[in-house]
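Engineer: After the sequence you'll find the predicted model.
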Amino acid sequence: MAKVERFEDLKCWQEARILVRMVYEIAEKGKLKNDFDTKSQFRRAALSVMNNIAEGFGRYHKKEYTRFLDISQSSCSEVKSMLYVLEDLKYFDETEVKLIHEQADKTRNMTLALIRYITKT
C-alpha cells in the first residue's frame, strides 16, 4: 500500500469527492432545484462525508480519526436516506438515483475499510 501523506491521497476521500459532485449536480435539476431546505440538507450530508474524512486525517489520535471516519460513513447513509425521499416524491427517476446510491455505498465501504485498517494497527 502506498504511503498516505495527505488526505487527498485517501481513496475514500477521492470517492467522497465524486459523491459530492454528483449530489451538487443533481441538486440543480428538477423539483429539487427549488426545494431549498431539502437541497441544502442533501448537499450538507454529502459535504459531511468528504469533510469528515479530511478532518479526521488531521487529528493526532487514532481514536479521534476513527470517530470522524465513523461520522463520514454514517453521512453516506444520510445521503442514501434522502435519495429515497427524493425518489418517493418523484423528484428524480430511479435510474438517476441508483448511480448516487452506488457511489454512496462505494464511499461508505471504503471508509469502513479504512476504519478497520486503522483500528487493527
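Structural biologist: Sure thing, it's come through.
Engineer: Tell me the pLDDT of the residue nearest in space to the middle of the chain.
Structural biologist: The residue lying closest to the centre of the chain (CA atoms, centre = their mean) is Val49, at 3.6 Å. For Val49, the pLDDT comes out at 98.
Engineer: Could you double-check that it lies in contact with Lys80?
Structural biologist: No - the criterion here is CB atoms under 8 Å, and Val49 misses it with Lys80 at 10.7 Å. (Each C-beta comes from the backbone N, C-alpha and C, glycine too.)
Engineer: Pull up the overlap in contacts between the two.
Structural biologist: Ala104 (CB atoms under 8 Å, 6 or more residues apart in numbering).
Engineer: which one is Met18 nearest to, not counting chain neighbours?
Structural biologist: Check again: residue 18 is Ile, not Met. Gln103 (6.0 Å; CB to CB, 6 or more residues apart in numbering).
Engineer: Next, the buried residues of the helix or strand where the one you found lies.
Structural biologist: Applying DSSP states H and E as the criterion places Gln103 in helix 94-120. Buried residues in helix 94-120, counted by 16 or more other CB atoms under 10 Å: 96-97, 100, 103-104, 106-108, 110-112, 114-115.
Engineer: When you compare pLDDT across the residues you listed, which one is lowest?
Structural biologist: Comparing those by pLDDT, Glu96 comes last, at 87.
Engineer: isn't that residue right next to Ile26, touching?
Structural biologist: Yes - in this structure, Glu96 is within contact of Ile26 by CB under 8 Å, at 6.4 Å.
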